[in-house]
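K.L.:
Take a look and give me a structure for this.
(chains A and B, ligands or ions: 1)
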Amino acid sequence: MANQDFPLIFERSKEGRTSYSLPDLDVPAYDIENELEEAYIRKNPAELPELSELDIMRHYTGLSNRNYGVDSGFYPLGSCTMKYNPKINEDVARLEGFSHVHPYQDPNTVQGAMEMLYDLQTALKEITGMHEISLQSAAGAHGEWTALMMIRAYHEANGDYARTKVIVPDSAHGTNPASAAVAGFEAVTVKSNENGLVDLEDLKRVVGPDTAALMLTNPNTLGLFETEILEMADIVHGAGGKLYYDGANLNAIMGYARPGDMGFDAVHLNLHKTFTGPHGGGGPGSGPVGVSEELVPFLPKPVIVHKDDKYMFDYDRPQSIGRVKPYYGNFAINLRAYTYIRTMGAEGLKKVSEYAVLNANYMMRKLEKAYDLPFQQHCKHEFVLSGRRQKKLGVRTLDIAKRLLDFGYHPPTIYFPLNVEESMMVEPTETESKETLDGFIDTMITIAKEVEDNPEVVQEAPHHTIVKRMDETTAARKPILRYEKA
Amino acid sequence: MEFRYLPMTETDKQEMLDAIGVTSTEDLFSDIPSEVRVNGALNLKKPKNEYQLKKELTEMANKNVNLKEYSSFLGAGVYDHFIPSVVDHVISRSEFYTAYTPYQPEISQGELQAIFEFQTMISELTGMPVSNSSMYDGGTSLAEAVNLSAAHTKKKKILLSKAVHPESRAVIESYAKGQGLEIFEIESVDGLTDFNQLEREIDGDIASVVIQYPNFFGQIEPLDKINNIIKGQKNVMFIVSSNPLALGFLTPPGEFGADIVVGDTQVFGIPAQFGGPHCGYFATTKKLMRKVPGRLVGQTKDENGVRGYVLTLQAREQHIRREKATSNICSNQALNALASSVAMSSIGKHGLVQMAKLNMQKARYAKERLEKENVEVVFQNPFFNEIVVKLNAPISTVNEHLLDKGIIGGYDLSTAYPELKNHMLVAVTEIRTKEEIDQFVKELGDING
Ligand SMILES: Cc1ncc(COP(=O)(O)O)c(C=O)c1O
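P.N.:
Residues are numbered from 1 along each chain as shown, chains lettered A, B, ... in the order given. Predicted coordinates:
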């Protein structure tokens, strides 16, 4: 199948084939064509494909064979926490009592679902050290925006309308400044110092009476713990701002440290990272938000309450920022996270962080000779290498990533964070064995040698994938975003 | 305690610590200030083994009344439809569900092509040339459409029909606060957006008009008339939220001049699962292509001229543009978009028309039978698969009674529309049988006396 394009499902379609088996029309046939005005009756049916059931399975099985997931092989994609997705989670999410439950059923008929949500909130409160949790946000970015809207509502409730700025480090994920903008704030950048940590002097310079919040991940996107976190909290709080925790990196510190104890006022979690929600090829996720006591009144509504042995939705929240999503969040992802937490318990989650950090440090020390390591301290769950040495030899980080494909690996995150030149961000996760790590380390060292001895083999990679490098320029210049019948 | 997801052995650990040059993993955490270290263990429930945990969670699931054991007439934005068996088999393939966003096209052609096909299907259904790869859900997708309309027209006022899903309206309100938009609601009259009020309130300061089609009451809004009013103004955008199943039979909004069409593909292959994850779609015109929120997949060629697919027009997105991005969305609903693609492929070109019609016919049967039983069906416009009935008792009481008979009753409209006391929104999908409808009608007739 190498070097061949794969037919689109529309190209496999043949007039007259069917794969559907719809319920019977067991009521009289009404003449709906005559009931509606003609202008409202679709003239041409939507061009969906016509295939037999086997055709469909062959098509999608073929597509799945042209894809790569954690179950396929090592996936050290930094910041994305590509750990194993447990199979019991998938089974539990498919139980009819969870999967076929309607959000508008009488709460008395969904007590099991509400109990799960409530229990999950309780567990996440304990893990983060926050006062209250909302499970409504659909993903990390959505959680960021939700929490920023709460911070905004908090300041406004204090009559403080001057706080128009949100500070983000230069190493921050792109969603941080983007969420700030969607919440109506101006994003301002604080610089990192030579150790890869937030520069406190620069923070003091940018913070002020117009500061709504500082958004931070800790460990930061370089995989480094912000050791001066308490000083930073003092600086921001002293100026009347709030401290926001991007929980994408929580996998490093579970059972070791909690954002709530570090002085954070609001956090979001990525249940589809730390808590094994499968990434699904890009989603769905779940991005719960945790808050300090002061921010509780502003939580999205409804809030689940437990009273007299019953779970209820509380809509009577006058200061709430309102709804951020229809219904109650991505329930089935929350359910997977809950199943995971109940599988691991406190001891297990702490081991998760212990081994995630051990794995990352091991790889970092094994690779620091072959690639530049910009920061020397121990890392947490991930680390960032620089390909600047290889760049001088004419090989870019992108080439190294493509060469890794030839060896059967998913490459690390590349060109993020932005404050390291030619960056490669490696996050092994705790679910990978030493043999897997060693295999990847050897490959990375082999590639570094190739860069010196035979750079073309890297520059021209990948050699063994089903397609070669794609013409992305033409894709963007002359976009083809859907299939058109020839 | 054994942890089956953690492969670390004591030997591994020792070798790794030696390689790092530390004596224990504690050394790797020494940079965390002692003031913020957790003392002792977190207070979490005791973990359970696989068998016990599955048993416990099955018991928890069994505490819920589910749509497969009861016959449900509940819709209001989330529907109980037939899901072809192939859907779950495809999305259970772990090359799909354990993958991240397809950043490396050479090893992600499967996902990229599946998204490209999804975009095509949405484009076909809505009659819009461009569709993105998915949004969180119909509600947030609609809110993003409103934000886009304000950014694009550089105006701040929105006219929002009250016949749009109440929770979508609530989400729009929340997003609007962030962008400083002013939302003006248009009342509904006889189940349709008040045409006269719309005509009175529209002017050149309006960024967009937001309509749902079929609307929250199941009624089919006259999009052509509404579009004429909108196009009579300069630079006012027409946003339509649409149930994509209805578009199997109804003329798509794209043919009525819509600028943005959004909605949720939950109707195709996605179970209700207590409200999420579902799958938003976002479709628009070529003109707005470079302002679309979220990910887009485009067709291109590799170095050897082989056709393939990539994430494209990324200059719109947060990882490139940061605070200047058109949206903050990053993760979306890819796996659910795949589920919907498989369902749409399985139902197919003719099956879709048939399925839409089945919904309409069964809903009409329910309407006729209810009217025969002297249950008042309040709105009499053309409708899709939902009707509004007025009963003699509060809907919560009625639904309690129905539950005893094995029926999940419809949506209590008074929760979102206080003026619609004792009004129930009844959904009849293709999977309801004549017997189930007859029984439901009989119960409602009995309650009404
Ligand atoms: C550090 C960081 N913050 C935020 C996000 C956004 O999360 P999501 O993709 O769930 O919106 C990500 C993930 O891409 C991330 O790595």
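K.L.:
for chain A, which helix is longest?
P.N.:
Longest helix of chain A, by residue count under DSSP state H: helix A:331-367.
K.L.:
close to chain B, is that helix?
P.N.:
Yes. Counting by Cβ under 8 Å from any Cβ of the partner chain, chain B is contacted by helix A:331-367 at A:331-333, A:339, A:341-352, A:354-355, A:357-359, A:361-362, A:365-366. Placement of C-beta: from N, CA and C, glycine included.
K.L.:
near the ligand, which residues of chain B?
P.N.:
Proximity of chain B to the ligand, by Cβ under 6 Å from any ligand atom, involves residues B:C330, B:S331.
K.L.:
Tell me which residues of the helix or strand B:L148 falls within come out buried.
P.N.:
Using DSSP states H and E, B:L148 maps to helix B:138-153. Residues B:138-150, B:152-153 are the ones in helix B:138-153 that count as buried (16 or more other Cβ atoms under 10 Å in any protein chain shown).
K.L.:
next helix or strand past it?
P.N.:
With elements assigned by DSSP H and E, the helix or strand that comes after helix B:138-153 is strand B:157-161.
K.L.:
does any bit of that next one sit next to chain A?
P.N.:
No. Strand B:157-161 lies out of reach of chain A by Cβ under 8 Å from any Cβ, never closer than 14.2 Å.
K.L.:
Next, the angle strand B:157-161 makes with whichever helix or strand comes after that strand.
P.N.:
Using DSSP H and E, the helix or strand that follows strand B:157-161 in sequence is helix B:166-179. Interaxial angle, helix B:166-179 versus strand B:157-161 (axes from the mean of the first three to the mean of the last three Cα atoms, to 10 degrees): 170 degrees.
K.L.:
Helix B:166-179: how far from the chain's middle?
P.N.:
15 Å (Cα atoms, centre = their mean, to the nearest Å).
K.L.:
same for that helix, what does it pack against?
P.N.:
Applying 3 or more Cβ pairs under 8 Å, 6 or more residues apart in numbering or on different chains; DSSP states H and E, we find helix B:166-179 packed against helix A:140-157, helix A:175-182, helix B:138-153, strand B:157-161, strand B:182-186.
K.L.:
In TSV: the ones you listed, plus mean pLDDT.
P.N.:
Shown next, in TSV, are those (pLDDT from 0 to 100):
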stretch	mean pLDDT
helix A:140-157	98
helix A:175-182	96
helix B:138-153	98
strand B:157-161	98
strand B:182-186	98
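K.L.:
Please dump those into TSV; it should also carry distance to A:M57 for every row.
P.N.:
Putting the helices and strands packed on helix B:166-179 into TSV (distance: least, Cβ to Cβ, whole Å) gives the following:
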stretch	distance to A:M57
helix A:140-157	34
helix A:175-182	36
helix B:138-153	29
strand B:157-161	42
strand B:182-186	46
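K.L.:
thinking again about what came up before, show me how far the helix holding B:L148 is from its chain's centre.
P.N.:
Here the centre of helix B:138-153 is set off from its chain's centre by 15 Å, with Cα atoms, centre = their mean.
K.L.:
Is it in proximity to chain A?
P.N.:
Yes. Using Cβ under 8 Å from any Cβ, a contact is recorded between helix B:138-153 and chain A, made by B:G138, B:G139, B:T140, B:N147.
K.L.:
how about the first one, what does it touch?
P.N.:
The reference is to B:G138. The contact partners of B:G138, by Cβ atoms under 8 Å, 6 or more residues apart in numbering or on different chains, come to A:P326, B:G77, B:H165, B:S168, B:S241, B:V262, B:G263, B:D264, B:Q266, B:H278, B:G280, B:Y281.
K.L.:
go with 10 Å
P.N.:
A:326, B:77-78, B:165, B:167-168, B:171, B:212, B:241-244, B:262-266, B:278-282 (Cβ atoms under 10 Å, 6 or more residues apart in numbering or on different chains).
K.L.:
all helices for chain B, in order.
P.N.:
Counting by DSSP H, the helices of chain B are B:10-20, B:50-62, B:85-91, B:94-97, B:109-126, B:138-153, B:166-179, B:195-201, B:223-231, B:318-321, B:334-372, B:395-404, B:434-448.
K.L.:
centre of the chain versus stretch B:281-290, how much separation?
P.N.:
Centre to centre, stretch against its chain (Cα atoms, centre = their mean), the figure for stretch B:281-290 is 18 Å.
K.L.:
Tell me where the stretch 351-486 of chain A has helices.
P.N.:
In the stretch 351-486 of chain A, the segments counted as helices under DSSP state H, counting those that start in this stretch are A:388-392, A:397-406, A:434-453, A:455-459, A:472-477.
K.L.:
and chain B, what are its domains?
P.N.:
Under the assignment automatic domain parsing, the domains of chain B span B:71-82+B:348-448, B:101-342.
K.L.:
can you put the ones you listed in CSV and add distance to A:Q459?
P.N.:
CSV is the format used below for these (distance: least, Cβ to Cβ, whole Å):
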stretch, distance to A:Q459
domain B:71-82+B:348-448, 46
domain B:101-342, 12
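K.L.:
Deepest-packed of those domains, please.
P.N.:
domain B:101-342 (a mean of 23; mean count of other Cβ atoms under 10 Å in any protein chain shown).
K.L.:
Relative to the whole chain's centre, how far out is that one?
P.N.:
Centroid separation for domain B:101-342 versus its chain: 11 Å, with Cα atoms, centre = their mean.
K.L.:
Just the terminal-to-terminal distance for that domain.
P.N.:
Start and end residues of domain B:101-342 are separated by 19 Å (Cα to Cα, to the nearest Å).
K.L.:
Stretch A:40-51 now?
P.N.:
Terminal residues of stretch A:40-51 are spaced 28 Å apart (Cα to Cα).
K.L.:
In it, which residues are buried?
P.N.:
In stretch A:40-51, counting by 16+ other Cβ under 10 Å, buried: A:Y40, A:R42, A:P45, A:A46, A:E47, A:L48, A:P49, A:E50, A:L51.
K.L.:
Many thanks, have a good one.
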